[in-house]
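1. okay, predicted coordinates and the sequence, questions at the end:
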Amino acid sequence: MKKILVLDIGGTFIKYGVMTDGVLGLVQKQVTPKASDAFKKCLTKLYNELVEPIDGVSISMPGIINADTGFAVHGGSLEFIRQMNILAFYQAIFDCPVAVENDARCAIIGEMNLGQLQGVNNAIMIVLGTGVGGGLLVNGQIVRGAHQSAGELSFVQTNSSMGMADFFAVKNSVYSLLKPFAHSINKQTSDVNGELFFEAVKSGNQDAQRILHTYCNSLALQIWNLQTILDPEKIVIGGGISSQTILLDYLNQELKKILDSLSISPLISPSVVLSAVGNNANLIGAYFYFIQRHGE
């Protein structure tokens, strides 16, 4: 079985590890450089420092990407990636076969192979992070759309008069939890993290609990909308905060409020679960995507 270097390139960190025969080894991370040259140097150094030979590289990253041609319309939070062939960019760095795919699609592929979506034919993956990513599974097939942008949930709106302030990414990124919480405890947003926030929720901090209810109300509304459109068997919540089981408790409360407010509804209440492979879903999905494209 091939040894594949898998990378999950996010707006804040690059996570990486070597995956062999469906088993992910030690996962490491580095800060994501913000400029193209520094980004290229970072990946080159990472690749050159590998202690074992590999058979390929597979990359999960944000943005609208044509996985067949490698052309990226944009790289999401990687602002230096715009209108370029990102596959060719990576192939110039790595001296081996390379595959690249959108991060949320990698996440849903990871769940399909080792997580909550094994044997499931219709599902939605919502990845909560720097933005909001989406992976769509319909009749057993990943949906990419006519312009490779199916699942770009960050740009969903419900109130056009608010402009970008109403984007799903603004209301339901992890930052939208941390910013008001930091303000409530007189700290800078950079001084708090998800772990600290959820510790506050669990310890009974009323400000933190109120913030989480507001966050989950917004998330529940979009989950309900997605349920009406695609009627999935499951909706999986991924991203780093998906390790917090209390998130699902609050989310189910908000979903119940929506259902109870409807006097008549023919819809089944969404079946929402947390990712079974957690924050490594993108890495795992990248591995299986590489096997799909290049074989075992």
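-> Cool, the structure landed. Keep in mind that this is a model prediction, so the values were computed, not measured. Numbers count the residues shown, from 1 in each chain.
2. domain map for the protein?
-> Taking the TED database as the criterion, the chain consists of the domains 3-107+280-294, 118-275.
3. pick the most buried one from those domains.
-> domain 3-107+280-294 (a mean of 19; mean count of other CB atoms under 10 Å). Glycine gets a C-beta too; all of them are placed from N, C-alpha and C.
4. starting at the chain centroid, how far to that one?
-> Counting by CA atoms, centre = their mean, to the nearest Å, domain 3-107+280-294 is centred 14 Å from the centre of its parent chain.
5. ok, what's across the strand from the residue positioned nearest the centre of the chain?
-> The centroid of the chain falls nearest to Val127 when counting by CA atoms, centre = their mean (3.4 Å). Note on Val127: beta-bridge partners by DSSP bridges are Gly133, Gly238.
6. relative to Gly76, how far out is it?
-> 11 Å (CB to CB, to the nearest Å).
7. could you look up the SS state of the residue nearest to Tyr289 when sequence neighbours are not counted?
-> Excluding the flanking residues, the one nearest Tyr289 by CB to CB, 6 or more residues apart in numbering is Glu101, at 5.0 Å. Under DSSP: H, G, I helix; E, B strand; the rest coil, Glu101 falls in the strand class.
8. can you pull the contacts of Glu101?
-> Glu101 makes contacts with Ser58, Ile59, Ser60, Met61, Ile65, Ala67, Ile109, Gly285, Ala286, Tyr289, as judged by CB atoms under 8 Å, 6 or more residues apart in numbering.
9. pretty sure Leu117 is touching Leu136, no?
-> No. Applying CB atoms under 8 Å as the test, Leu117 and Leu136 come out as separate, 11.6 Å apart.
10. low-confidence ranges in the stretch 151-296 of the chain?
-> Where the stretch 151-296 of the chain drops to pLDDT under 70, the residues are 160-162, 265-266.
11. now do the helices in it.
-> Remark: helices assigned in the stretch 151-296 of the chain by DSSP state H, counting those that start in this stretch are 168-172, 175-184, 194-202, 206-230, 245-260, 281-294.
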